[in-house]
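Engineer: Predicted model, plus sequence, below.
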Amino acid sequence: MAAITTGSAVSFARPAKASSVSSVSFAGLRKDNVAFPLQPATQRFTVLRAAKQETVDQVCNIVKKQLVLAEGTEVTGSSKFTDLGADSLDTVEIVMGLEEAFDISVEESSAQSIATVEDAAELIDKLVAAK
Amino acid sequence: MMVEEEEEKQRSSVGRWRWLVDVARWRPSPAEFRAAAALLPPHDRPAIDRFVKEDDRKRALVSRLLQYSLVHHALGIPPHRIRINRTLEGKPYLENKIVAFPSFNFNTSHQGEYVGIASEPLCLVGLDIVSVSKPPGETVLEFIKNFTSYLTDHEWNCIVSSGSHDEMLTEFYRYWCLKEAFVKAIGAGVGFGLQRLEFHHKNWTNISLCIDGEEAKKWRFWLCKIDEMHLASIAKGHPDDAIESLKRTFSDVVIQEEELHTSLEIPEEAFTLWTVEQLIQIVQD
């Protein structure tokens, strides 16, 4: 579990261009084994229900704080929590942080299926919409 | 009588190890890091490189080095012939079949400055290392309240009545790392349900576990203090309690209950501290 240092400024500035397209999860595709040409960007975007960019940004911030990531560390929708250094304690705290920030309640079973920032953002959007 | 007991003890210590590395002391240059990584099979590289933070990459590398050096040292398998794979839940296991030890298994853990590994020839083993710390911006109570749904009422009461805030924090971590050690021993992933586990103890010795209210008689637990900031827990138990995906990695041999029972009762000894340089030596053997 990482300790959080005070005074680390977290940058919010993220251009709003469709970076949520690049954050679509390719769970089934192996990087070293692409057998067919990648589909054009717009097609992917309409097929999958991406989370709102705002939500993705907010999740990124919460994660950056919890994991004490260095200034300038790239965190996007496709970032996996474990790759960013989250252990089991961090994951619980991140989910708690998200519940507080968005005023939602995340069930344990849903919490366990969150692997990336995008996963968390999608879940948040769904829960917020259902309120 | 004495000779037999000695022999029995020797035999039963084959494959049983507790190793620890103070990874904060290893400060490799990029070239040294790459050289160490090159000692591992190529497929391990992406698993190390994917970590964003350098400290996490270091811990991931040392964790793997520990696995290969332990297997080589404990079982004599030449490093290039060691096959370590992972279950679906992510638990590493040895693919090489050891006839004498059909359920040989090991578990690694890392947090803070340490990376550790524990192995057992017969019993399931789980290891968890924790760094007793909290975010400076939160109070101890605020911090541990995050985890109330993973603790039973009894455990929670023990924690909050344990004394000062520092003592509460340590107490919390003791319960947490015992739960983690158990879940890791059986090969379960994040979905296990830590609140199903309730630990009982006498001053943190004679530690026992109840799962869903029932006493887990074939499990033993130990807690040890590595240093002022770090604790380690060991869970040992019956291979029957492994989850399916882990059980499948064991050879289909019937294990003698008596041997298992003896193995289970062997008391824990101290961890052996290694340096990364020593591990590198072992693997290059």
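Structural biologist: Ah, there it is. Computed from a prediction, not measured in an experiment: that's the story for all the values here.
Engineer: Which positions in chain B make contact with chain A?
Structural biologist: Contacts of chain B with chain A, taken as C-beta under 8 Å from any C-beta of the partner chain, map to B:50-53, B:55-56, B:111, B:130-131, B:133-137, B:146-147, B:149-150, B:176, B:180, B:190-191, B:193. (Each C-beta comes from the backbone N, C-alpha and C, glycine too.)
Engineer: Next, residue B:86: phi, psi?
Structural biologist: Phi and psi for residue B:86, reported as degrees, to the nearest 10, are phi -130, psi 140.
Engineer: mind listing what it touches?
Structural biologist: When contacts are counted by C-beta atoms under 8 Å, 6 or more residues apart in numbering or on different chains, residue B:86 touches B:92-93.
Engineer: So, low pLDDT: which residues of chain A?
Structural biologist: Across chain A, residues meeting the criterion (pLDDT under 70) sit at A:1-49.
Engineer: quick one, helices of it?
Structural biologist: For chain A, the helices defined by DSSP state H cover A:19-22, A:41-47, A:53-66, A:88-102, A:108-112, A:117-129.
Engineer: Using a markdown table, please lay out those together with distance to chain B and mean neighbour count.
Structural biologist: A markdown table is the format used below for the helices of chain A (distance: least, C-beta to the nearest C-beta, whole Å; neighbours: other C-beta atoms under 10 Å in any protein chain shown):
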| stretch | distance to chain B | mean neighbour count |
| --- | --- | --- |
| helix A:19-22 | 17 | 16 |
| helix A:41-47 | 23 | 11 |
| helix A:53-66 | 8 | 21 |
| helix A:88-102 | 5 | 19 |
| helix A:108-112 | 5 | 15 |
| helix A:117-129 | 12 | 20 |
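Engineer: Distance to residue B:106 for those - can I get that in TSV?
Structural biologist: Converted to TSV, those look like this (distance: least, C-beta to C-beta, whole Å):
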stretch	distance to residue B:106
helix A:19-22	39
helix A:41-47	41
helix A:53-66	30
helix A:88-102	19
helix A:108-112	25
helix A:117-129	31
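Engineer: lowest-pLDDT helix or strand in chain B?
Structural biologist: Here the helix or strand of chain B ranked lowest by mean pLDDT, DSSP states H and E is helix B:2-13, holding a mean of 57.
Engineer: Could you export the next helix or strand after it as CSV, CA atoms only?
Structural biologist: Going down the chain from helix B:2-13, the next helix or strand is strand B:17-22, by DSSP states H and E. The C-alpha coordinates for strand B:17-22 follow below in CSV (Å, rounded to 0.1, in the frame of the first residue of the first chain):
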residue,chain,number,x,y,z
TRP,B,17,11.8,-22.9,2.6
ARG,B,18,11.2,-19.4,3.8
TRP,B,19,13.3,-16.8,1.9
LEU,B,20,13.3,-13.0,2.1
VAL,B,21,15.0,-10.3,0.2
ASP,B,22,15.4,-6.7,1.3
